[in-house]
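Chemist: Just need the structure, nothing else, for what follows:
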Amino acid sequence: MDLRHLLFTLALVCANDTLSTSDELLRWPQISKCRSPELETFSCYWTDGNVYNLTSPGTIQLLYMKRNDDDWKECPDYITAGENSCYFNTSYTSIWIPYCVKLANKDEVFDEKCFSVDEIVLPDPPVHLNWTLLNTSQTGIHGDIQVRWDPPPTADVQKGWITLEYELQYKEVNETKWKEASSVPNSFVLF
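Modeler: Next up is the predicted model:
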């Protein structure tokens, strides 16, 4: 074996040793989150990972089971919530019944999570966010600001189905740390 082949072989061996200790080599598919914006529907999202033959569409399935079910069922809608997701509309969502979801292919289970829908509520952000400067100090450093917003259209707050509380944060001029103002329903005056 000439010197060039020997160096090439050593480089390959070193590269393989380096890759085998890397977290990038084998990243299995994982459920990244399940989220309900309003307690009536929910979606679960996952990452593909980088394992060979698992990245082609349809290779990975999301299966689910409610507490009283005997069998795992396949995701009802892989399209509505986007790529690598499963959407459960109102006909598949039961609020107080625990769910288990698992990410699998024909031979293997990659990840599994159990939850009830009330535990995964993360509402959409508020809309029509607006602020008004009411007055300022003579130096112009301090001012009174009124902040207003409306709940997102997906949150049924009028019927009392859910109550939203927001955390308003502010920081002083030339400060780096944010301070919490208060939890408020839909408007706040900051002095």
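
Chemist: hey, let's count contacts and neighbours off CA atoms from now on
Modeler: Fine.

Chemist: what's the pLDDT at the closest residue to His142 other than its chain neighbours?
Modeler: Leaving out its chain neighbours, the residue that sits closest to His142 by Cα to Cα, 6 or more residues apart in numbering is Thr136, at 5.7 Å. Confidence at Thr136, expressed as pLDDT, is 81.

Chemist: Phi, psi for Thr136 please.
Modeler: With angles defined as degrees, to the nearest 10, Thr136 sits at phi -130, psi 160.

Chemist: any idea which element the residue most central in space within the chain lies in?
Modeler: By Cα atoms, centre = their mean, the chain has its centre lying nearest to Lys33, at 4.7 Å. In this assignment (DSSP states H and E), Lys33 forms part of strand 30-35.

Chemist: Check which helices and strands that strand sits against.
Modeler: strand 42-47, strand 99-104, strand 109-115 (3 or more Cα pairs under 8 Å, 6 or more residues apart in numbering; DSSP states H and E).

Chemist: Output the ones you listed in CSV; the columns should cover mean neighbour count.
Modeler: Converted to CSV, the helices and strands packed on strand 30-35 look like this (neighbours: other Cα atoms under 10 Å):
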stretch, mean neighbour count
strand 42-47, 20
strand 99-104, 20
strand 109-115, 15
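
Chemist: now those strands in a markdown table, with mean pLDDT and distance to Leu164?
Modeler: Shown next, in a markdown table, are the helices and strands packed on strand 30-35 (pLDDT from 0 to 100; distance: least, Cα to Cα, whole Å):
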| stretch | mean pLDDT | distance to Leu164 |
| --- | --- | --- |
| strand 42-47 | 96 | 17 |
| strand 99-104 | 95 | 24 |
| strand 109-115 | 95 | 21 |
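
Chemist: Same list (the ones you listed) but as TSV, adding distance to Pro153.
Modeler: Converted to TSV, the helices and strands packed on strand 30-35 look like this (distance: least, Cα to Cα, whole Å):
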stretch	distance to Pro153
strand 42-47	16
strand 99-104	26
strand 109-115	25
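
Chemist: out of the ones you listed, nearest to Leu168?
Modeler: Closest to Leu168 of those, according to Cα to Cα: strand 42-47, at 26.1 Å.

Chemist: tilt between the helix or strand following the closest one and strand 30-35?
Modeler: Once the chain leaves strand 42-47, the next helix or strand it forms, by DSSP H and E, is strand 61-66. Orientation check (axes from the mean of the first three to the mean of the last three Cα atoms, to 10 degrees): strand 61-66 against strand 30-35 gives 50 degrees.

Chemist: contacts for strand 61-66?
Modeler: 71-75, 86, 97-105 (Cα atoms under 8 Å, 6 or more residues apart in numbering).

Chemist: Quick one: the helices in the chain, in order.
Modeler: 3-20 (DSSP state H).

Chemist: Quick one: find the helix or strand in it with the lowest mean pLDDT.
Modeler: Within the chain, confidence by mean pLDDT, DSSP states H and E is lowest for helix 3-20 among all helices and strands, at a mean of 47.
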